[in-house]
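Peer 1: For reference, the sequence and a predicted model appear below.
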Amino acid sequence: MGIVARRQLPLRPAGPDTVAALLDWYDRERRDLPWRSKKRKKADPYGVWLSEIMLQQTTVKAVIPFYQRFLERWPTVFDLAAASVNDVMAAWAGLGYYSRARNLHKCAQVIVRDLGGQFPSTEAGLLPLPGVGPYTAAAIAAIAFGQPATPVDGNIERVISRLFAVRHPLPGAKKELKRLAATLTPHRRAGDFAQAMMDLGAAICTPKRPSCLMCPLQTDCAAHAAGIEAQLPVKLGKTERPGRYGIAFLVLREDGHVLLRRRPSAGLLGGMLEVPSTDWLDDWVPMEPACGGAPVHADWWPVPGNVVHIFTHFRLELQVLRAIVPVDASLTFWADADRCEWVARRDLDGAALPSVMRKVIAHALKVQ
């Protein structure tokens, strides 16, 4: 069955009337989010920056409790800059993409040390800061300072691709979508406009089954007029994630402490704590040679079942070996002993453990 265009009247090109309609809708329907300023009130740059870093590749629902805990613990950029990086990493644990936490801490220190605690108000001034890319710089400039900047996230890409019926597939269409979005960005209320676009994409112009009858931009939407809104934006097919495999060694000391190792600061899960493991390889390593690299000499017991965790670019599967060792167990022979520490089980909730390692520990300790 072919696509039937819905519109008989001429399509009104997206322009100033589109912006006005969206802002009117936003004033009525805006989401109440903890980092948003009240209507007509000036936004807090620290809160905007913190939320935008946390929201990178993470959902609003997941971010809200982390954002609130961060603000309670470090209410200003001065407080965050004075914190230890390990405390920041521990507070971030579970939010994922841990390089964001390291850069968050570095950025706070730069702002306090070099800028007197004041955030730059322009995209150009924000871009050199650690962890701040083009999208984040535009978002902070628009939302916190009212600059006519154009942040384009996934929600805004979807709205713009439908509004202008852009059929070129992502990611190749990103530059064009950014250009088109910039043609709508108003000089006044640029921050509200950006947030309105985000809210529209999250609540109405959704990836599947967009609610076009409720959309304030329906009369301007070229994709809706052509009956192709559900097909846009066009995305190239995703390649299957490769698999990686390894063996994790859960060492439980007789006094109830668990052995953890701190990962190198650079790279995946950098600076976080982990259950010691073999390298994560493209295939399973036989258990006998793998145990030769275990952190302690012990009787290792395989925990039934494996732990599976999905990263952005690969699927990880870990077999877990568990051992109970005396309090005076020595690590001196092990190459990574200087990166290890014993953590009491009661303190694991507050440790800088990524989600995959919390899965490993829960899996290993469920059998007593």
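Peer 2: Looks like it came in fine.

Peer 1: Which residue ranges of the stretch 101-250 of the chain form strands?
Peer 2: Along the stretch 101-250 of the chain, counting by DSSP state E, counting those that start in this stretch, strands occupy 243-253.

Peer 1: those helices in it, which residues are they?
Peer 2: 123-126, 134-145, 154-163, 174-184, 190-203, 222-226 (DSSP state H, counting those that start in this stretch).

Peer 1: Any idea which of these gets closest to residue 235?
Peer 2: helix 154-163 (10.0 Å; Cβ to Cβ). In short, each C-beta sits where N, CA and C put it, glycine included.

Peer 1: Would you mark the buried spots in that closest one?
Peer 2: Neighbour counts over helix 154-163 (16 or more other Cβ atoms under 10 Å) mark 155, 156, 157, 158, 159, 160, 161, 162, 163 as buried.

Peer 1: with these in mind, which one is nearest to residue 120?
Peer 2: residue 156 (22.6 Å).

Peer 1: ok, that closest one - contacts?
Peer 2: 177, 181, 194, 197, 198, 201 (Cβ atoms under 8 Å, 6 or more residues apart in numbering).

Peer 1: Most neighbours among those, which one is it?
Peer 2: residue 197 (29 neighbours; other Cβ atoms under 10 Å).

Peer 1: measure the closest residue to that residue other than its chain neighbours to residue 177 for me?
Peer 2: Leaving aside its sequence neighbours, residue 197 sits nearest to residue 156 (Cβ to Cβ, 6 or more residues apart in numbering; 4.6 Å). Residue 156 is 8 Å from residue 177, where distance means Cβ to Cβ, to the nearest Å.

Peer 1: To which secondary structure element is residue 78 assigned?
Peer 2: helix 77-82 (DSSP states H and E).

Peer 1: Report the contact partners of residue 236.
Peer 2: 169, 170, 171.

Peer 1: host element of the nearest residue to residue 251 once chain neighbours are set aside?
Peer 2: Leaving aside its chain neighbours, residue 251 sits nearest to residue 259 (3.9 Å; criterion: Cβ to Cβ, 6+ apart). Element membership of residue 259 [criterion: DSSP H and E] is strand 257-262.

Peer 1: contacts for that strand?
Peer 2: With Cβ under 8 Å, 6+ apart as the test, strand 257-262 has contacts from 249-253, 271-276, 295-296, 331, 336, 339-345, 348, 351, 353, 361.
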